[in-house]
Each structure stands twice: as structure tokens, then as C-alpha cells.
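[1] turn this into a structure:
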Amino acid sequence: MFFKKVVFFLLIFIVSCKNSNDQQTIQQLTNDEKSIVQLFDATVIQKVSRTDSLQKIISGIDSLTITTPSVIVMMEVVKANFSRRSGHFTTAEVYFKRAKELHNGRDSLSYYIYYGLGSTYKSIGNFPEGSRNLYQAVAIGEQLKDTLKITQAYSNLSQLQAEKGDYDDARKTLNKIFSILRGNTYMPSYLNAMHTLANIEGQTGNIKEAMKLDVRGIAIADSLGDQIIKVMYQDNLARCYLAQDSFERARYYFKNNQQIEKPFNNPGWNADTEINLAEVETNDGNYALAEAHLDNAVKIFSENKQLINTLKAYTVYELLYQKQGKWQKALEVNQKYQEVYANSINEKSEQSYAEFNTLFETQQKEKKISEMKLQVAQADLRAKQKNVLLLILLSVVAIVLMLFRNHRVKSKLESQQLLLENNLLQEKALNVAQEQRLQISRDLHDSLGAQLTFVNSVLDGIKKSTTSIDESLKSKIETVSEFSENAVTELKNTLWVMNLKSINVSDLKFRIANYINSAAEAKEEIRFHFNFEIADDIQIQTKSAMNIFRVIQEIVNNAIKYSHASEVSISIHQNKNELLIDVRDNGVGFDVDEMRTKSFGLNNIYNRVSDLKGTVDLVSGEDLGTQYKIKCLL
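    Predicted coordinates:
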């Protein structure tokens, strides 16, 4: 009890110290730092969907005062995520690398750094670096045992592999996601993975399978009420219908997406849908309507500098003019496509270079980075000091637990030794009792057995030597001889049990069978039916065997003497350590209640069965025969 109290108070002390440190850390954050933490949570789980909303939030971030090392790293991740979602991937790469440089660890924050870097490299087409960082994110997720993080990283990795055209690797990665989530179809990672699989099926020509997955995704999105996921699947489904020249269905889903996208006010989405509708109308021959959609798209992306949508629009313009036979215009559009593409490469290179120089052009920022490194190092030192204290406390707990365990082991060994000694004493007592039973059985055999045998011999001699005997005397001699033989038989049955410490069920069956055979030979006018089914030939105590044998013997004897029956059936069935006995005859029967009050033999049956922890179900009546159903333990 003393050791338990010591362990209990030590554990309370450790937990209270940890909680105190956590509370102190939270209370030490300034309001600016708390804002960064909230913004970090919002960006990493994508709570903010609209780019313009995110711009408003990010705009004042540099004016905040941040000194806590982990929050500084979070701020870098927030900037990186905003840059990535705004299409400034080179800037995002710089912010993510800075966060990685400031933070060494294998925790959730490290996961989001590697995940963001991998996603950024995927977007700019640097697939080797994208794969390496996403695999690092997977490894951290596995170390944290965080299913959501593992499947999120795998989901992005499968998209990267599909974009590379490595469809086999992508399918393997997707199968890992499905295996981990095991039918949790409402998880974001599962839905993204299923959408990637639908894209792969469509790109490899399995249109029907792709459409099947898209329809399933739309149904799940409707059940979740998630419009963004629904748009994602409907866009893919519409393209499948377009590939099959089902223009009406493709038009329906693209227009439905257009209605869903309006509240989000995302220029990229709006322009993309206009271009998709233009592609449908172009292939369906509605050229004027197609050109109107393309003009709307140009108006949108001209204001927002959307390179991908610009190139995609010029591709559809070229297809539109080719369909109409306007080859000169088609050529002009193609030249514009090449010009925009070339200029975009130069612009992006110059923009990335300027952004990179802006980040590192002043020594003040270099100094700030050094200071942040120093703060991180100091935080690591404080953490190590706390770990040493915790290690000391854990060592004390371990020693106390070891002493307590040794005490328990010692007590257990003493209890086992005491139990063993008690078992030995019981075994000795049983051996003594067995020796006494053997001695009694020898004495009975040598004295009473010999005398009964001698009486039988004398009676046989009288019957053989006398030529004429009075009938009454002859009857008495026969009766005495019969009693003497029965006494010898009963003595043998008793000695059989007394000579053994325990017997098997098969031995009991053999004795009962012998008794039934003897009864059948003595009473030829009665047909006996005997069946004994043994399920497991286990050992039973001699007292139990004797009680079972005497019960059956008493029932059969009563049937022979009083029932006037022509048939007696004895059926015994073993069920594990339980015996089910059914003895019945077709005799005259008797009044059970009346016989219970005056029959010593019937009461003996009940008493013996009670000793066996069993029950007796007796049914009898005049001209109905008698049936005993007995259930007892072996």
C-alpha cells in the first residue's frame, strides 16, 4: 500500500508539472502571436477557401511583433501557403525552406513544412524534390501515428505520380490510402484519392470506370453538403461526357458548377468554367455561343493574369476557328499562344528573381534570421533542461516501481510455495486414505469374502449330498445360497471401487454393463436395452462412481422386483463433465408422492444424486410405466 501511494503522488507531480509548463507556454503568447497561431491553423487545414479573403488576412502579417521561435516558424508557413495558393511558387519555396531551416524536429509543424514543400515542387514540375519531401511528410505522419497526415501526404504524392504519367505507381499509392482509411469515404484524403483515381481512369481510356467514381463522389459530396468537392467531381464527369460527345450532359454539369462557384468569387474557377463551356459548344457546333463564353473568360483572366487559363483559352479559340474553317484566325491565335507562353516564362523568371532578392536584400533581415536561430537554440536548451528533470523523476518512479514489483513477486512466490505445501499435505492425506481403503478391502476380501465363499461351498455340498430334502428346507437352502452369491457380488463391486483412487468413465460403463447382463440372465422374461455414450474418457472420483452405480442398480432392482415390466431401457450420455441418465420401464408404475414417504430405496436415490450435485426428474403412474431422468456431475 505504501509503494502504491508513493507512485500515485509522483505521477500527480509529473502531470502537474507538465500541465503547468503547457499553461505557462500558452499564457506567454502575445495577442499578435495568438493571431499567427490561429491563422496557421486556418491555412494548413484550408478553412479559408477564397483567395481574396486570404489576401485581406495576410496583408497585415508583417506588422505583427513575433518573438516566440515556434510561432515565427508558423508565420513563415502561413506566408508560404498564401504564396503557393496565389500561384507564386518560387516565393512559397523560399518561405518553406526558411521555416525548415528554423525548425528541426519530427513533429506536426515539421510535417506541414515538408508537405508544403512537396506540394510546391509538384506545382512547378520538380517531381524528384516533390516526391522526396512528400515521402518525408509521410514518414513524419507515420511517426506521429496520424492517419489524416499520412493519407493527406499520400494523396498529394499520387497526384504528382499521375501528372508524371506514372499511373502504376499512382495506383499503388492510392491503394495505400484506401487500405489505411478502409472505407472511411467521408475523409478528405479519401475523396481526393478517389478523384485522382477517376482522373487516371479517364486519361487511360477507362471512361465508364471514371464516370462511376465521379458519380459516387458527387453523392458523397451531396451527403456532406460540400460544394467544393462536388464541383471537383462534376468537372471531371462533364469532361467524360464531352469525350463521349454527350454534349447536353457535359453542358449541364459545367453550368451547374458555374452556379455553385459564384458565391466563392474565385476568378480562376469562373474563367475555367467559361472555357469548359466554350469547348462544349465548339464541339457541338454552337460557334457563336462558344465565342461568347471565350470572350467572358478573356475578360476575367485579363484582369487577374491567369497564365494557365490564358493558354487554355487560346487552345479552344484555335479549335473553334479550325471547326469553322477560319484558318488565318486559327494561325493568329496559335501565334498569340506561343507569344504568351514565351513571355510568361520570362516574366515568371524576372518576377521570381525580384521576389527572391527582396527577401534577402537587407542585412536587417539576415540579422533577424540569426536572432531567430539563437532563439530556437535557447528554446531547445530549455526543453533539454526540462527533459533532464523529467528523466530524473521518471528514474525515481522506475526504481519505486521496481521495488514494488519485487515485493509483489516475493509475495507471489511465498503464496505459491504455501499452496504447493498445502497440495502436498492433501496428497499425503489422500495417500493415507487410499492405503486405509486398500487395507480394508484386503481384510474384507480375506475374511468376509472367504467366509461367504465357504458358506456357498457348504450349501452346494448339502444340495449334492442329500438325496431327498424336504421342499421347504430345499427352498430355504436355495434362498440362502442366492443371498450368499449376491453378497459376494456386492462385495466384489465394493472392493473394485475401494482399490482405486480414481477410475475412468469407461471403467464405470464396464461395471454397469456387467450388472445389466447379470440382470438380463437372471430375468429372461424382461428385455433390457443398454446404451452408454462416452464423449471423453476422463477420470472421476471413486465415490462419484460408486454413487452412480448404486443409483442405477437401485432403479433396475426396483423395476425387476415391482414393475412387472417386459422391457427396461437404460440410456446414459456424457456431455463434457456432466452425465445424463435416462432409465425407463413399461411396468405398472406407482404413486411417486406416496413412495417418497415410505421407500428407503427411493430416498437413497435422491440422496446419492444430491451428493453428485445433480437433479432427479421422476415420472410414474398406474399403467404408465416409470421414467427416471437424472442429470449429475462427474
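[2] for K629, which three-state class applies?
    Here K629 is recorded as strand under DSSP: H, G, I helix; E, B strand; the rest coil.
[3] so who does it touch?
    580-582, 616-619 (Cβ atoms under 8 Å, 6 or more residues apart in numbering). In short, each C-beta sits where N, CA and C put it, glycine included.
[4] just name the closest of these to Q322, please.
    L580 (92.4 Å; Cβ to Cβ).
[5] confidence score at the closest residue to G621 other than its chain neighbours?
    Nearest residue to G621, sequence neighbours excluded (Cβ to Cβ, 6 or more residues apart in numbering): G589, at 4.8 Å. For G589, the pLDDT comes out at 92.
[6] wait, doesn't G589 sit right on L618?
    No. Contact between G589 and L618 fails when scored by Cβ atoms under 8 Å: they sit 10.8 Å apart.
[7] give me the common contacts of those two.
    T626.
[8] in terms of neighbours, single out the busier of these two.
    The neighbour comparison of G589 against L618 (other Cβ atoms under 10 Å) goes to G589, with 20 against 17.
[9] check the secondary structure at the more buried one for me.
    Under the three-state scheme (three-state DSSP), G589 adopts coil.
[10] ok, back up a step: can I get the contacts of K629 in JSON lines with pLDDT, distance to A139 and secondary structure?
    Formatted as JSON lines, the contacts of K629 follow (pLDDT from 0 to 100; distance: Cβ to Cβ, whole Å; DSSP: H, G, I helix; E, B strand; the rest coil):
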{"residue": "L580", "pLDDT": "96", "distance to A139": "63", "secondary structure": "strand"}
{"residue": "I581", "pLDDT": "96", "distance to A139": "69", "secondary structure": "strand"}
{"residue": "D582", "pLDDT": "97", "distance to A139": "70", "secondary structure": "strand"}
{"residue": "V616", "pLDDT": "96", "distance to A139": "72", "secondary structure": "strand"}
{"residue": "D617", "pLDDT": "95", "distance to A139": "70", "secondary structure": "strand"}
{"residue": "L618", "pLDDT": "94", "distance to A139": "76", "secondary structure": "strand"}
{"residue": "V619", "pLDDT": "94", "distance to A139": "76", "secondary structure": "strand"}
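[11] most neighbours out of these, which is it?
    I581 (22 neighbours).
[12] which residues touch that one?
    548, 551-552, 570-572, 628-632.
[13] what about R85, neighbour count?
    18.
[14] in the chain, which residue is most central in space?
    R182 (10.9 Å; Cα atoms, centre = their mean).
[15] from E142, how far off is I581?
    63 Å (Cβ to Cβ, to the nearest Å).
[16] thinking again about what came up before, so which of the contacts of I581 comes closest to K100?
    Nearest member of the contacts of I581 to K100, counting by Cβ to Cβ, is K631, at 76.5 Å.
[17] so what's that closest one bridging to?
    K631 has the following beta-bridge partners by DSSP bridges: L580, T615.
[18] export the contacts of I581 to a markdown table and tack on pLDDT?
    Listed next are those as a markdown table, based on pLDDT from 0 to 100:
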| residue | pLDDT |
| --- | --- |
| I548 | 94 |
| V551 | 95 |
| I552 | 95 |
| I570 | 96 |
| S571 | 96 |
| I572 | 96 |
| Y628 | 96 |
| K629 | 96 |
| I630 | 97 |
| K631 | 96 |
| C632 | 94 |
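[19] and which of those residues is nearest to D168?
    K631 (66.6 Å).
[20] pull the contacting residues for the closest one.
    By Cβ under 8 Å, 6+ apart, the neighbours of K631 are 578-581, 614-615.
[21] likewise L634?
    L634 neighbours (Cβ under 8 Å, 6+ apart): 505, 538, 540, 544, 574, 577-579.
[22] show me which pair in these is furthest apart.
    S544 and Q574 (12.9 Å).
[23] roughly how far does S395 sit from L381?
    In terms of Cβ to Cβ, S395 sits 21 Å off from L381.
[24] can I get the contacts of K629 in JSON lines including distance to S599?
    Formatted as JSON lines, these follow (distance: Cβ to Cβ, whole Å):
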{"residue": "L580", "distance to S599": "24"}
{"residue": "I581", "distance to S599": "19"}
{"residue": "D582", "distance to S599": "21"}
{"residue": "V616", "distance to S599": "13"}
{"residue": "D617", "distance to S599": "17"}
{"residue": "L618", "distance to S599": "11"}
{"residue": "V619", "distance to S599": "16"}
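[25] okay, strands next: where are they in this structure?
    Assigned by DSSP state E, the strands in the chain fall at 502-504, 527-533, 539-541, 567-575, 578-585, 615-621, 625-633.
[26] how much space separates the nearest residue to F40 once chain neighbours are set aside from V37?
    Distances taken as Cβ to Cβ, 6+ apart place M74 nearest to F40, at 4.1 Å, with adjacent residues excluded. From M74 over to V37 the distance is 6 Å, taken as Cβ to Cβ.
[27] compare these two and say which is more crowded by neighbours.
    Taking neighbours as other Cβ under 10 Å, M74 and V37 compare with M74 leading, 25 against 17.
[28] surely the more buried one meets I36?
    Yes. At 5.5 Å, M74 and I36 qualify as touching, with contact defined as Cβ under 8 Å.
[29] residues touching E93, list them.
    80, 117, 120-121, 124.
[30] pLDDT score assigned to K373?
    pLDDT, K373: 59.
[31] over to F600?
    Note for F600: predicted pLDDT of 87.
[32] contact partners for it?
    With Cβ under 8 Å, 6+ apart, F600 has no contacts at all.
[33] distance of it relative to A398?
    71 Å.
[34] swap in E521?
    E521 is 79 Å from A398, by Cβ to Cβ.
[35] cool, and P69?
    Taken as Cβ to Cβ, the span from P69 to A398 is 32 Å.
[36] of those two, which one has the most company?
    The neighbour comparison of P69 against A398 (other Cβ under 10 Å) goes to P69, with 19 against 10.
[37] pretty sure that one contacts N104?
    No. Between P69 and N104 there is no contact under Cβ under 8 Å: 10.9 Å.
[38] what residues are up against the residue nearest to G621?
    Residues near G589 by Cβ under 8 Å, 6+ apart: 563, 620-626.
[39] re the thing from before, possible to save the strands of the chain as CSV with distance to G268?
    Compiled in CSV, those are given as follows (distance: least, Cβ to Cβ, whole Å):
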stretch, distance to G268
strand 502-504, 87
strand 527-533, 82
strand 539-541, 84
strand 567-575, 76
strand 578-585, 78
strand 615-621, 84
strand 625-633, 81
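[40] for F264, which of these is the nearest?
    The nearest among those, by Cβ to Cβ, is strand 567-575 at 72.0 Å.
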